[in-house]
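Engineer: Just need the structure, nothing else, for what follows:
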Amino acid sequence: MMKLRLFTPGPTMVSPDVLLEMAQPLDHHRTSGFKEMFKECTELLGYVYQTKCQPLILTGSGSAAMEGAILGCCKPDAKTLVCHAGKFAERWVKILKRFKLPHVEYKLDYGHGFKAEGVADMLKKNPDVKAVIFVHSETSTCALSEAQGIAKVCKDHGALCLVDGITSIGTIPFKMDEWGIDVAVTGSQKALMLPPGLAFAAVSDRAWQVIESHDSPSFYNDFKAYKKSQADSDVPWTPNNQLVRGLRFTLRQIKAEGIENVWKRSASLAKGTRAAAKALGLTIYAADPADSVTGINIPAGVEDDKWRKSMRSKYGIHVAAGQGELKGKMIRLNHMGYVDDVDTVGAIAAMEWTLAEQGYKFEMGAGVSAFMKAVKG
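Structural biologist: Predicted coordinates for the structure are as follows:
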């Protein structure tokens with residue numbers, strides 16, 4: 001029998017303890033017990049976000065929360081600056097276009113993160129911008145943007161700062177209140193160690209002023225509806241009860257470990273993985289690599305599908321392929337959530353064995369050794 005280890009950056013691995021927790025008998029969501037559990041989840045989410053506000057809990061994917069954020073904060077009579085350098089940021093452009101919301105695009109090459117200076121320059125050229133959207137950790141390219149610096153630039157300009165933190169919140173440093181971020185979104189299937197199905201959005205007082213000043217074209221994802229219900233630890237629509245139960249369990253785990261320790265663990269795994277890749281003669285795709293997921297370029301002579309499928313079929317290691325224009329050019333290894341040193345060193349060993357099968361030349365064990373030295377040396 002072989003274990004399956006998901007090294008995809010969503011969904012990530014879910015622990016047996018969480019699965020057992022979610023297998024408990026289903027309770028109704030209009031009960032005092034559920035409301036108490038829901039209230040605890042919002043309070044613990046505030047800890048993960050590092051915010052005093054209580055994040056909204058939506059039943060849906062991260063895209064549902066991002067759509068709600070965009071339609072609430074980006075008004076038809078105001079311009080939005082949308083920063084994109086990857087597949088997921090491009091999705092936020094599509095939402096703006098679908099709802100015919102005025103916007104200007106700031107595009108960088110794939111693999112690059114956005115810097116505060118670049119956003120500041122775009123805002124100088126577009127002084128009428130009222131909201132800025134960017135991805136903190138772009139999952140498709142494994143690149144990191146300067147969230148803290150960009151948030152300050154937005155605040156100085158008087159624009160709302162909307163952050164896709166779907167592969168950053170709960171795994172790399174993210175301090176919503178201290179940095180002055182207005183809206184931040186994440187999803188259950190990433191650092192929060194759950195199956196897909198829940199989305200979360202933390203909203204600042206400044207952002208609520210804009211959201212409450214107009215009627216969003218969204219119905220199911222209308223943040224005002226969630227805020228009204230959540231004031232009573234309730235939900236506007238039927239929730240995924242068992243995922244909420246699982247959420248309480250994983251949030252308690254994060255609180256017990258300490259969010260700073262979670263950040264350190266992810267950083268260590270990323271550091272070790274990058275060291276292993278270098279020792280094997282491989283290169284990292286992102287110019288500004290994130291610690292939540294590492295993208296490794298596929299070397300000449302190695303077939304992408306064959307490499308990934310061999311890792312899964314022979315060793316139970318499932319890594320993610322490249323997306324869009326990066327398909328066939330890179331693999332991606334997750335460092336979020338329920339993953340540790342032993343899991344990751346095993347994934348690197350599987351990489352080595354399967355690279356050798358395809359005739360790639362390297363010193364066997366070099367990657368494993370480099371990982372061990374980087375994280376424990």
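Engineer: list the buried ones in the helix or strand where residue 37 lies?
Structural biologist: Assigned by DSSP states H and E, residue 37 belongs to helix 32-49. For helix 32-49, a neighbour-count test (16 or more other CB atoms under 10 Å) marks 34, 37, 38, 39, 40, 41, 42, 44, 45, 46, 48, 49 as buried. For the C-beta atoms, the positions are set from N, CA and C on the backbone; glycine is no exception.
Engineer: Output those in JSON lines, with pLDDT appended to each entry.
Structural biologist: JSON lines is the format used below for the buried residues of helix 32-49 (pLDDT from 0 to 100):
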{"residue": "34", "pLDDT": "96"}
{"residue": "37", "pLDDT": "97"}
{"residue": "38", "pLDDT": "97"}
{"residue": "39", "pLDDT": "97"}
{"residue": "40", "pLDDT": "98"}
{"residue": "41", "pLDDT": "98"}
{"residue": "42", "pLDDT": "98"}
{"residue": "44", "pLDDT": "98"}
{"residue": "45", "pLDDT": "98"}
{"residue": "46", "pLDDT": "98"}
{"residue": "48", "pLDDT": "98"}
{"residue": "49", "pLDDT": "98"}
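Engineer: Return the member of those nearest to residue 12.
Structural biologist: The shortest gap between residue 12 and any of the buried residues of helix 32-49 belongs to residue 48, at 15.1 Å (CB to CB).
Engineer: Quick check: closest non-adjacent residue to that closest one.
Structural biologist: Sequence neighbours aside, residue 170 is the residue nearest to residue 48 in space, at 5.0 Å (criterion: CB to CB, 6 or more residues apart in numbering).
Engineer: Output the buried residues of helix 32-49 in CSV; the columns should cover distance to residue 64.
Structural biologist: What follows is the buried residues of helix 32-49, written out as CSV (distance: CB to CB, whole Å):
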residue, distance to residue 64
34, 21
37, 21
38, 18
39, 22
40, 22
41, 17
42, 17
44, 21
45, 16
46, 20
48, 19
49, 18
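Engineer: from these, which is closest to residue 150?
Structural biologist: Out of the buried residues of helix 32-49, the member with the shortest distance to residue 150 (by CB to CB) is residue 49, at 16.9 Å.
Engineer: Surely the closest one is in contact with residue 43?
Structural biologist: No: under the criterion of CB atoms under 8 Å, residue 49 is not in contact with residue 43, lying 10.9 Å apart.
Engineer: wait, residue 148 sits on residue 179?
Structural biologist: Yes: using CB under 8 Å, residue 148 makes contact with residue 179 at a distance of 4.6 Å.
Engineer: the more surrounded of the two?
Structural biologist: More neighbours surround residue 179 than the other of residue 148 and residue 179, with 20 against 15 (other CB atoms under 10 Å).
Engineer: Backbone dihedrals for that one, both of them.
Structural biologist: Dihedral pair for residue 179: phi -80, psi -20, per degrees, to the nearest 10.
Engineer: Which pLDDT does the model give it?
Structural biologist: Predicted confidence (pLDDT) for residue 179: 98.
Engineer: what's near enough to touch it?
Structural biologist: When contacts are counted by CB atoms under 8 Å, 6 or more residues apart in numbering, residue 179 touches 147, 148, 151, 152.
Engineer: Contact partners for the residue nearest the centre of the chain?
Structural biologist: Most central in the chain under CA atoms, centre = their mean is residue 167, positioned 1.5 Å from the mean C-alpha point. Residues in contact with residue 167, defined by CB under 8 Å, 6+ apart, are 9, 10, 136, 137, 138, 139, 190, 191, 290, 292, 293, 336.
Engineer: Next: residue 280.
Structural biologist: Residue 280 makes contacts with 351, 352, 355, 362, 366, 367, 370, as judged by CB under 8 Å, 6+ apart.
Engineer: next one: residue 129
Structural biologist: With contact set as CB under 8 Å, 6+ apart, residue 129 has these partners: 79, 80, 81, 104, 122, 123, 157, 159.
Engineer: Okay, and the beta partners of the fourth one?
Structural biologist: By that I understand residue 104. Counting by DSSP bridges, residue 104 is bridged to residue 81.
Engineer: per-residue confidence at it?
Structural biologist: Per-residue confidence at residue 104 stands at 98 (pLDDT).
Engineer: go on, the first one?
Structural biologist: With respect to pLDDT, residue 79 scores 98.
Engineer: mind checking how far it is from residue 43?
Structural biologist: 36 Å (CB to CB, to the nearest Å).
Engineer: Could you give the backbone dihedrals for residue 5?
Structural biologist: The phi and psi values for residue 5, taken as degrees, to the nearest 10, are phi -120, psi 110.
Engineer: What confidence value was assigned to it?
Structural biologist: For residue 5, pLDDT reads 97.
Engineer: hey, what's it bridged with?
Structural biologist: Under the criterion used (DSSP bridges), residue 5 bridges to residue 317.
Engineer: Which residues are in contact with it?
Structural biologist: So residue 5 contacts 13, 316, 317, 318, 343, 346, 347 (CB under 8 Å, 6+ apart).
Engineer: same thing with residue 360?
Structural biologist: The contact partners of residue 360, by CB under 8 Å, 6+ apart, come to 299, 301, 302.
Engineer: ok, the second one touching residue 357?
Structural biologist: No: between residue 301 and residue 357 there is no contact, the gap being 11.9 Å when judged by CB under 8 Å.
Engineer: Look at the two and report which has more neighbours.
Structural biologist: Counting neighbours by other CB under 10 Å for residue 301 and for residue 357 shows that residue 357 has the greater number, 13 against 10.
Engineer: is it true that that one touches residue 310?
Structural biologist: Yes: the pair residue 357 and residue 310 qualifies as a contact (CB under 8 Å) at a distance of 6.3 Å.
Engineer: Go ahead and confirm residue 254 touches residue 50.
Structural biologist: No: contact criterion CB under 8 Å: residue 254 and residue 50 do not qualify, at 12.0 Å.
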